[in-house]
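Novice: Sequence first, then the predicted structure, then my questions.
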Amino acid sequence: MAESRVRVTYYREQFWLDLGRVRRALVLKQCDGELQTIQHLADEANVSRTTATRFLRAGRGSVGTARALVDRLGLKLSDILEPIEASPGARGGQST
């Protein structure tokens, strides 16, 4: 079973990506008749079906790919991304 939330890195920053919300948006667009298939979503987002499937399964892909797909689904990246805060002692954390 696919995860509903996965860790992704964009521009060296880590985020939680809410794939469950993305998938629900896809199902609703399909139910409304706006999208028929993953291929249709991919075509409208100007990415390959394979790329769209990879993103929907595991959140893999560039930030540009993510933006193109979620825009077509009526979402924004800020709707599905949550920054992962680095612990103070972790690499990339705040220094004193």
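Specialist: Structure's in. What do you need? Small disclaimer: the values here were computed from a predicted structure and weren't measured.
Novice: contacts for the helix or strand containing Val6?
Specialist: Following DSSP states H and E, one finds Val6 within strand 5-10. Defining contact as Cβ atoms under 8 Å, 6 or more residues apart in numbering, one finds that strand 5-10 is touched by 14-20, 58-60, 62-63, 66, 81, 84. For the C-beta atoms, the positions are set from N, CA and C on the backbone; glycine is no exception.
Novice: what's the nearest residue to Leu26 if we skip its chain neighbours?
Specialist: Leaving aside its sequence neighbours, Leu26 sits nearest to Leu73 (Cβ to Cβ, 6 or more residues apart in numbering; 5.9 Å).
Novice: Arg67 too?
Specialist: Per Cβ to Cβ, 6+ apart, closest to Arg67 is Leu77, 5.8 Å.
Novice: check contacts around that neighbour.
Specialist: Per Cβ under 8 Å, 6+ apart, neighbours of Leu77: 63, 66-67, 70.
Novice: sorry, back to before: what strands flank the strand holding Val6, and is each parallel or antiparallel?
Specialist: Applying DSSP bridges to the sheet, strand 5-10 is found paired with strand 13-18 (antiparallel).
Novice: Show the low-confidence segments of this protein, by residue range.
Specialist: Within the chain, the segments meeting pLDDT under 70 span 1-2, 86-96.
Novice: What segments of it are helices?
Specialist: 19-31, 38-45, 49-58, 63-72, 77-80 (DSSP state H).
Novice: Flag every buried residue along the second one.
Specialist: The one in question is helix 38-45. Across helix 38-45, burial judged by 16 or more other Cβ atoms under 10 Å covers 40-42, 44-45.
Novice: Distance from the chain centre to it, please.
Specialist: 15 Å (Cα atoms, centre = their mean, to the nearest Å).
Novice: Equivalent analysis for the shortest one, please.
Specialist: Relative to the chain's own centre, helix 77-80 is displaced by 8 Å; criterion: Cα atoms, centre = their mean.
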